[in-house]
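Asks: sequence and predicted model, in that order:
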Amino acid sequence: MLSRLVLRAAPAALRALPPPVAVGVLHTTRPLHTTQQSLAPVPPLPEKGGEVRHGLIPEEFFQFLYPKTGVTGPYMLGTGLLLYLLSKEIYVVNHETAAAACILTVIVYGIKKFGADVGAFADKLNEEKVAMAQSMKDNAMKMLQTAIEEEKKEQWRVEGHSYLFDAKRNNIAMLLETNYRERLLMVYNEVKKRLDYQVAMQTLKRQKEQDHMIQWVEKNVVQSITPQQQKESIAKCILDLKALSKSAHAAV
Amino acid sequence: GPLSERPLLEVRLGELHTWISTCKFSPQELLGAVHRAWSSYCAKYIHVKQGGPAGISMLLAGYCLLSYGWNYQHFSKTSLGVSY
């Protein structure tokens, strides 16, 4: 009975919430929850129900009569009441009384024998339900935990992005440098080729002029040798050879 | 607290008639009182983790008594007046 009072006092305590203040981070001046908050988490069920004696009469009745009549008071009251009802025929004994007596006997026997087992079975069912809900909650918490860790790792990775970008910038600078040097080399090669061509042209021209001049001079010289001069030169050569042979014979 | 706001079980026997005079008897009030009584009975004896036979047995006993009271005329007639 008194536990219910505690449960009834809980919403009154929750209603006395502190007045809303401006939260610095969110820049709000109005309260976020305008309706009354529900009592979550729900308070758990009490373990045992109210005490009941003989399955029918609540314990509070016995406690109520205890100061005046002691322990046997309610039983005397019950016996007296029963005898009064029977004697005055306010309760009539008929065939239904016998049926009620048999049914009550069977019910009481059944409860005494199988009550604990049924209770244990119901408790097991309840426990399974609670365990499933708890496992779901644990799974959700675990998933959220891993999500938090992943997020923290991502934040750590972001710090490394600056190094990545520096490396990329270095790569690009190197590519640009390489490209520039390649083109420079190409320009140098092309210019050298053209200059070599000009040089080769000049040497070729000079050579051709030389050859041509030599040929022309030779041709003219050969042409200038007339047949008369040819005979005279041959006779002179023969005379010279005879003189030489004479001198050679004289030497021997 | 004040007399009219106390629930019935905390009212002393001597102040009972004043308490009855203070409570309102409109249909809404009666319905509210019935609803409150029923929910307090449920919360005490039925919505517990380990209830016993007590919760339903009290309801059944009350039902038996009520039906006996309703059919009292029939019982008294068959036993007292007519013998078969």
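Replies: On my side now, so go ahead.
Asks: what about the longest helix belonging to chain B, average pLDDT?
Replies: The single longest helix within chain B, with elements called by DSSP state H, is helix B:27-45. The average pLDDT within helix B:27-45 is 89.
Asks: do the same with stretch B:58-68
Replies: Averaged over stretch B:58-68, pLDDT sits at 92.
Asks: find the closest residue to chain B in the stretch 51-200 of chain A.
Replies: A:V52 (3.6 Å; Cβ to the nearest Cβ). For every residue, glycine as well, the C-beta is placed using N, CA and C.
Asks: picking that back up, distance from the chain centre to the longest helix of chain B, please.
Replies: How far helix B:27-45 lies from its chain's middle: 10 Å, per Cα atoms, centre = their mean, to the nearest Å.
Asks: and it, what does it pack onto?
Replies: The contact analysis (3 or more Cβ pairs under 8 Å, 6 or more residues apart in numbering or on different chains; DSSP states H and E) places helix B:27-45 against helix A:2-15, helix B:54-70.
Asks: tally of neighbours for the residue nearest to the residue of the stretch 51-200 of chain A closest to chain B when sequence neighbours are not counted?
Replies: Using Cβ to Cβ, 6 or more residues apart in numbering or on different chains and skipping the chain neighbours, the partner closest in space to A:V52 is B:A54 (3.6 Å). Neighbour count for B:A54, taken as other Cβ atoms under 10 Å in any protein chain shown: 22.
Asks: need the contact list for the residue of the stretch 51-200 of chain A closest to chain B.
Replies: Going by Cβ atoms under 8 Å, 6 or more residues apart in numbering or on different chains, A:V52 touches A:58-59, B:45, B:52, B:54, B:58.
Asks: identify the bridge partners of it.
Replies: A:P58 (DSSP bridges).
Asks: show me where the stretch 1-150 of chain A has helices.
Replies: Remark: helices assigned in the stretch 1-150 of chain A by DSSP state H, counting those that start in this stretch are A:2-15, A:59-69, A:73-87, A:95-224.
Asks: which residue does chain B have closest to chain A?
Replies: B:A54 (3.6 Å).
Asks: contacting residues for that residue?
Replies: A:49-50, A:52, A:55-56, B:45.
Asks: from A:L144, how far off is it?
Replies: 43 Å (Cβ to Cβ, to the nearest Å).
Asks: pull the most distant pair out of the contacts of B:A54.
Replies: Pairwise distances across the contacts of B:A54 (Cβ to Cβ) peak at 13.8 Å, for the pair A:G49 and A:L56.
Asks: just the buried ones among the contacts of B:A54, please.
Replies: Buried by 16 or more other Cβ atoms under 10 Å in any protein chain shown: A:49-50, A:52, A:55, B:45, out of the contacts of B:A54.
Asks: closest to A:L176 among the residues you listed?
Replies: A:G49 (85.3 Å).
Asks: local confidence estimate at A:L39?
Replies: 64.
Asks: now swap in A:A116 and tell me
Replies: On the pLDDT scale, A:A116 gets 90.
Asks: number of nearby residues for it?
Replies: A:A116: 10 neighbours (other Cβ under 10 Å).
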